[in-house]
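Engineer: Return a 3D structure for these sequence lines:
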Amino acid sequence: MHKPVEKVDNSSTYRKASAVLGVFAKEPVAGQVKTRLSPPLQPEQAAQLYRTALDETLKRFSDQSFELVIFYAGAEDYFSRNYPQLPRQPQLGSDLGERLANALQGLLLEGYQQTAIIGSDSPDLPLAHVEQAFIALQSSDVVIAPADDGGYVLIGECCHHSQLFEAMPWSCADLMQQTKKILAEQQIDWQQLSSWEDVDDAASLQRLLQRSPESLTARHIREQLVSLLP
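Structural biologist: Sure, this is the predicted structure:
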């Protein structure tokens, strides 16, 4: 059974829309984030890259027609200090699937009609992807934007389907394939958006530089890290 979502008191929290985007985020501790980039980066350089990507993600998706909530792992103080204007809730669960399920189900129980979750690994994810996701959830139960590595960069629900989050091959190349299998077996009405790419290794950093050269994350890579990349 999924644990209820623990509430964090945010005096600035208010309801302005029926749709909500949750951003899964970790406290950017060196050696605990972007570990696939060390080497070529030092752990602190990888952590700074993570901080930049998270900053960009939260900046780009703030003040839109939907609400934004941080689902954090690590010290809550880091997020309250750096993003005091944004509602925050802790990630709850023993694995990624349980944490995603708790987040989505909790938001639905709060009364939101369309809920979606992204990470901070796709800092140039187009706003249109998120907007299309909420449109899709007006007529379908589930929406997913696949990742180019076989996972997904966004998942959303308008009603909860716990089967999508139980005993799944997280961080493996066949996650999306297995998710599609369950969607078909359970006859869940869903829509697929166009794919996007997570930025989690040296090759994907180079592609981000080419794809979105003016993004904050690309600028950081160009100014601080490009000489270290193969």
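
Engineer: Residue 80 is in contact with residue 88, isn't it?
Structural biologist: Yes: with contact defined as Cβ atoms under 8 Å, residue 80 counts as touching residue 88 (6.6 Å). All C-beta spots, glycine's among them, are computed from the backbone N, C-alpha and C.

Engineer: Who has more neighbours out of those two?
Structural biologist: Between residue 80 and residue 88, residue 88 has the larger neighbour count (other Cβ atoms under 10 Å), namely 19 against 15.

Engineer: If the more buried one is in a bridge, with which residues?
Structural biologist: Taking DSSP bridges, one obtains residue 70 as the residues bridged to residue 88.

Engineer: Got the confidence number for it?
Structural biologist: We have a pLDDT of 97 for residue 88.

Engineer: surely it meets residue 77?
Structural biologist: No: contact criterion Cβ under 8 Å: residue 88 and residue 77 do not qualify, at 10.5 Å.

Engineer: who's in contact with the residue lying closest to residue 162 once chain neighbours are set aside?
Structural biologist: Leaving out its chain neighbours, the residue that sits closest to residue 162 by Cβ to Cβ, 6 or more residues apart in numbering is residue 101, at 5.7 Å. By Cβ atoms under 8 Å, 6 or more residues apart in numbering, the residues touching residue 101 are 2, 93, 160, 162, 164-166.

Engineer: Pick out the one among these with the largest number of neighbours.
Structural biologist: Counting neighbours by other Cβ under 10 Å, the top entry in the contacts of residue 101 is residue 165, with 25 neighbours.

Engineer: Need the phi and psi values for it.
Structural biologist: Here is the backbone geometry of residue 165 (degrees, to the nearest 10): phi -120, psi 0.

Engineer: give me every residue that touches it.
Structural biologist: Contacts of residue 165 by Cβ under 8 Å, 6+ apart are 97-98, 100-101.

Engineer: Please verify my assumption that residue 52 contacts residue 218.
Structural biologist: No: here residue 52 lies out of contact with residue 218, judged by Cβ under 8 Å, at a distance of 9.7 Å.

Engineer: Residues touching the strand or helix carrying residue 55, excluding its own?
Structural biologist: Applying DSSP states H and E as the criterion places residue 55 in helix 43-61. Defining contact as Cβ under 8 Å, 6+ apart, one finds that helix 43-61 is touched by 21, 23, 25-26, 28-35, 37-38, 41, 68, 70, 83, 86, 118, 120-125, 127, 130, 199, 215-217, 220-221, 224-225, 228.

Engineer: again, only this time at 6 Å
Structural biologist: Here helix 43-61 makes contact (Cβ atoms under 6 Å, 6 or more residues apart in numbering) with 21, 23, 25, 28, 30-31, 33-34, 37-38, 68, 120, 123, 216-217, 220.

Engineer: got it, and stretch 102-120?
Structural biologist: Residues contacting stretch 102-120 (Cβ under 6 Å, 6+ apart): 2, 5, 18-25, 53-54, 57, 71, 92-93, 100, 133-134, 137, 154-158, 160.
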